[in-house]
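Engineer: sequence plus the predicted model coming up.
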Amino acid sequence: IVTAMRAEGVVVLKGALGGDAADKLRSHVETTLEEAARLAELSPAEEAARFGTVLSRHRRHDLTLSLGEAPVRRARRSLPPLPAAAEDKSTLVLFYQYIAPPWDAQQPKAALKSVLALAAEHSICGRGRCAPEGLNRSLTGGARAVRAFCLGLRAWNPVFEDCDFKLTDGIGQNLAFRALTIRKTAELVGYGLPATTAPALATSRAEHVEADQYHELMKEKDTVIIDVRNHYEAAIGHFAPPGDGAEFIDPKLRNSHEFPKWLNAPETKAKLHNKKVMMYCTGGIRCERASALLDSIERAESGGGATAEEGAGAGEEAEGFRTKGVVMVRGGIERYLRTFPQGGFWRGKNYLFDRRFEQSPEEKPSAALEAEVDSRCVACGVAWDRYRGQFKCGGTLAEHGACAVPVLVCDACIRADLHGKPRATLRCPL
């Protein structure tokens with residue numbers, strides 16, 4: 001019998017370590033210690049002295065194993081092992097972490113100071129946001145340094161035990177960030193929903209599913225899949241479910257501020273009513289708030305009751321606006337494309353906000369990628385899918401003033417200086 005007990009945050013193991021379950025548990029603990037020793041270059045004596053601390057950092061990972069039970073899939077992921085030494089390569093880490101309840105007026109400032117100090121300690125560069133509702137980062141550094149930074153965050157604040165750090169090793173130095181910039185903002189995503197009034201994530205009924213399950217859900221009828229990103233991102237790549245499966249919906253947003261209004265529109269709710277709703281974005285951060293907002297609308301219009309799927313199971317009549325549940329892919333498009341390197345149901349490229357600019361399915365042939373391009377240069381109309389040069393729409397909107405949405409301009413038009421056209425004449429598809 002193996003008993004996992006918690007005492008002041010430190011996992012204490014008692015009992016006879018025998019049997020298959022015990023072997024799995026012992027292997028997990030040994031792997032954890034080996035990883036920590038490798039990262040910090042500890043001697044065996046130092047490792048033993050820090051045994052409790054290492055386990056303390058992993059206290060939120062469920063170590064309890066029952067004989068004969070299948071393992072439960074957890075959100076928390078161990079950091080990947082160090083790659084082979086490559087001095088000319090960097091590691092990129094993308095992550096976000098919502099804080100509940102939100103920080104007060106002084107805590108973001110203190111958090112910013114701590115994170116900046118930790119980044120400086122490990123020579124980490126990049127950019128991100130710090131808001132009362134949490135942190136959002138895109139950072140680069142050495143492979144060992146990035147892993148040490150992630151473990152440092154978990155040591156600084158236990159909430160990062162649950163953080164899904166998405167690491168990409170082996171990127172060129174030309175794609176690494178050169179400085180560190182972190183902005184204090186009211187929100188991590190500009191939905192116009194400050195943390196004090198935004199729908200609570202903790203009570204949302206929306207579910208995270210792994211990429212392989214998300215893939216299968218796209219085959220189901222009575223399902224819609226919403227791209228919650230901006231339209232200029234969806235223009236160069238999006239999911240394309242099979243014809244007899246989920247219905248794809250692009251809200252055609254200029255920016256995130258438009259999403260709450262679109263979601264609450266009668267015509268939108270008519271499309272989502274009594275359907276299973278799938279959502280996706282680049283890495284997951286926008287879906288967190290978007291799915292919680294949809295859940296709050298559904299609760300308000302159905303009297304706070306069950307979803308249509310839950311109501312049907314309980315023999316209830318569906319009243320008001322209801323869905324058959326809301327799901328999002330864990331880790332966003334980024335994780336899906338890693339899971340399906342030939343693309344799966346993804347078409348085109350994944351727009352990125354770091355120096356890589358875009359992500360393509362690693363094993364999809366170039367010819368197949370070229371055949372999927374249906375976006376066009378706004379200056380000449382040729383098929384084009386690469387945003388370069390910081391060109392923006394020069395149009396104006398009655399409600400918002402300048403549009404300023406990024407637009408596609410091909411290399412030929414850039415070299416020809418737009419063929420004499422002023423930049424102000426460029427227009428986005430919207």
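Structural biologist: Everything's here; your move.

Engineer: can I assume F160 sits in a helix?
Structural biologist: Yes: checked against DSSP: H, G, I helix; E, B strand; the rest coil, F160 lies within a helix.

Engineer: and it, how far is that from T140?
Structural biologist: According to C-beta to C-beta, to the nearest Å, F160 stands 19 Å off from T140. Yep, even glycine has a C-beta here, placed from its N, CA and C like the rest.

Engineer: who's more crowded, the two?
Structural biologist: Taking neighbours as other C-beta atoms under 10 Å, F160 and T140 compare with T140 leading, 24 against 20.

Engineer: what bridges to the more buried one?
Structural biologist: Taking DSSP bridges as the rule, T140 bridges to L92, C125.

Engineer: ok, now R376?
Structural biologist: Counting by DSSP bridges, the residues bridging with R376 are A383.

Engineer: wait, it touches R386, no?
Structural biologist: No: contact between R376 and R386 fails when scored by C-beta atoms under 8 Å: they sit 11.9 Å apart.

Engineer: common neighbours of the two, please.
Structural biologist: Shared contacts of R376 and R386, defined by C-beta atoms under 8 Å, 6 or more residues apart in numbering, comprise L408.

Engineer: first to last residue in stretch 204-218, what's the distance?
Structural biologist: 22 Å (C-alpha to C-alpha, to the nearest Å).

Engineer: tell me how far it is from the chain's mean position?
Structural biologist: In terms of C-alpha atoms, centre = their mean, to the nearest Å, the centre of stretch 204-218 is set 13 Å apart from its chain centre.

Engineer: report the buried residues of that stretch.
Structural biologist: Buried residues in stretch 204-218, defined by neighbour count with 16 or more other C-beta atoms under 10 Å: 204-206, 208-209, 211, 214-215, 217-218.

Engineer: what of stretch 270-285?
Structural biologist: Buried, per 16+ other C-beta under 10 Å, within stretch 270-285: 272-273, 275-285.

Engineer: spatially nearest residue to N255 (excluding sequence neighbours)?
Structural biologist: N230 (6.0 Å; C-beta to C-beta, 6 or more residues apart in numbering).

Engineer: list the buried residues of stretch 391-400.
Structural biologist: 391-395.

Engineer: turn the residues you listed into CSV, columns for pLDDT.
Structural biologist: Below are those laid out as CSV (pLDDT from 0 to 100):
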residue, pLDDT
F391, 96
K392, 96
C393, 96
G394, 95
G395, 94
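
Engineer: output the below-cut-off pLDDT ranges for the chain.
Structural biologist: Residues of the chain meeting the criterion pLDDT under 70: 1-77, 195-196, 303-319.

Engineer: helices of that one, start to end?
Structural biologist: 19-40, 44-49, 51-57, 107-121, 143-156, 211-217, 231-234, 259-263, 266-272, 285-301, 308-313, 332-339, 366-371, 411-415 (DSSP state H).

Engineer: quick check, the residue nearest to N255 in contact with S256.
Structural biologist: Yes: between N230 and S256 there is a contact under C-beta under 8 Å: 7.1 Å.

Engineer: higher neighbour count, those two?
Structural biologist: Using other C-beta under 10 Å, the more surrounded residue of N230 and S256 is N230, with 23 against 20.

Engineer: how near is the more buried one to I236?
Structural biologist: Using C-beta to C-beta, we find N230 at a distance of 11 Å from I236.

Engineer: touching, L193 and A200? I think so.
Structural biologist: No: with contact defined as C-beta under 8 Å, L193 does not count as touching A200 (11.2 Å).

Engineer: more crowded one of those two?
Structural biologist: Shown here are L193 and A200; by other C-beta under 10 Å, L193 has more neighbours (20 against 14).

Engineer: which phi and psi does the more buried one have?
Structural biologist: phi -120, psi 80 (degrees, to the nearest 10).

Engineer: check contacts around A119.
Structural biologist: 125-126, 139, 149, 180.

Engineer: show me where the stretch 301-430 of the chain has its strands.
Structural biologist: 326-329, 346-348, 350-351, 358-359, 396-397, 401-402 (DSSP state E, counting those that start in this stretch).

Engineer: run through who's touching the second one.
Structural biologist: Strand 346-348 is contacted by residues 236-240, 333, 336-337, 340, 361, 369, 372-375, 385 when judged by C-beta under 8 Å, 6+ apart.

Engineer: those: which two are farthest apart?
Structural biologist: Using C-beta to C-beta, these span at most 21.6 Å, a distance reached by F340 and S375.
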